[in-house]
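Undergrad: just to be clear, the model below is a prediction. Sequence and coordinates:
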Amino acid sequence: MIHKITDTIAEALSGIQDGATVLIGGFGTSGNPVELIDGLIAQGARDLTIVNNNAGNGDTGLAALLKSGQVRKIICSFPRQVDSWVFDELYRSGKIELELVPQGNLAERMRAAGAGIGAFFCPTAYGTELAAGKETREINGKHYVLEYPIYGDVALIKAEQGDRWGNLTYRKSARNFGPVMATAAKFTVATVHEVVELGALDPEAIVTPGIYVSKVVPIERVATQAGGFKKSA
């Protein structure tokens, strides 16, 4: 019987090895799997390559992972924001490597990995420093840069609902990079706020089929100071 629900984050992340490439969902803080990131810090794998749209905010979540010294390299689109001081300090002191990738390219390189595409030509970044050392080609009068897929050993993503087969739905903008990351990784762990029975999810609404998901971990919503619950975006 297929049953991918896991009781603890520690159990779900136990197999992550040193040197792994970890794809982490999120667009800024929207859809960021903070609980899984905290679990990765506790798990202790080191020399990691992290792929995320950003490079952390404040001192929590992804920023805390960078600060822990477990990350060797980060591949992202927006490494510097007003509150990205952890990354900024690490990068300026030479303690972390950065590969800067335009946002559309970042998504497409992971989508290509999941689709089995060996490489693709894209016009973005042609004629800039980001194209240095890469193959270029003129196609129908337009210049393109050859880009290669980004594969992950592990993907850590945040979803809204899931079932024991690993089928997932997302909440609004929290969807962002999660679906393509799930297809691009060998092993995908997703947190969900609600576990539903098989058949409860409308097949037309399932964004990530369970075939791409290895473990599903139920998590509670974050309580607000007013005593209610905040729906994590």
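TA: That came through fine. Residues are numbered from 1 along each chain as shown.
Undergrad: what about the residue lying closest to residue 183 once chain neighbours are set aside, neighbour count?
TA: Nearest residue to residue 183 in three dimensions, chain neighbours excluded: residue 114, at 2.7 Å (C-beta to C-beta, 6 or more residues apart in numbering). No exception for glycine: its C-beta is placed from N, CA and C like everyone else's. For residue 114, the count of nearby residues is 19 (other C-beta atoms under 10 Å).
Undergrad: got it, and residue 88?
TA: For residue 88, the neighbour count with other C-beta under 10 Å is 15.
Undergrad: quick check: it touching residue 81?
TA: No: using C-beta atoms under 8 Å, residue 88 is not in contact with residue 81; the gap is 9.4 Å.
Undergrad: and the pLDDT at the residue nearest to residue 183?
TA: With respect to pLDDT, residue 114 has a value of 98.
Undergrad: ok but it is inside a helix, no?
TA: Yes: counting by DSSP: H, G, I helix; E, B strand; the rest coil, residue 114 falls inside a helix.
Undergrad: measure it to residue 167 for me?
TA: Separation of residue 114 from residue 167 (C-beta to C-beta, to the nearest Å): 16 Å.
Undergrad: sketch out the low-pLDDT regions of this structure for me.
TA: Residues of the chain that meet the criterion pLDDT under 70 lie in 223-233.
Undergrad: mind doing that once more with 80?
TA: For the chain, residues meeting the criterion pLDDT under 80 lie at 81, 222-233.
Undergrad: all helices of it, in order?
TA: Using DSSP state H, the helices found in the chain span residues 9-12, 34-43, 62-67, 85-92, 103-115, 178-184.
Undergrad: adding distance to residue 121, write those out as JSON lines.
TA: Putting these into JSON lines (distance: least, C-beta to C-beta, whole Å) gives the following:
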{"stretch": "helix 9-12", "distance to residue 121": "37"}
{"stretch": "helix 34-43", "distance to residue 121": "34"}
{"stretch": "helix 62-67", "distance to residue 121": "31"}
{"stretch": "helix 85-92", "distance to residue 121": "30"}
{"stretch": "helix 103-115", "distance to residue 121": "11"}
{"stretch": "helix 178-184", "distance to residue 121": "19"}
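Undergrad: cool, thanks, talk later.
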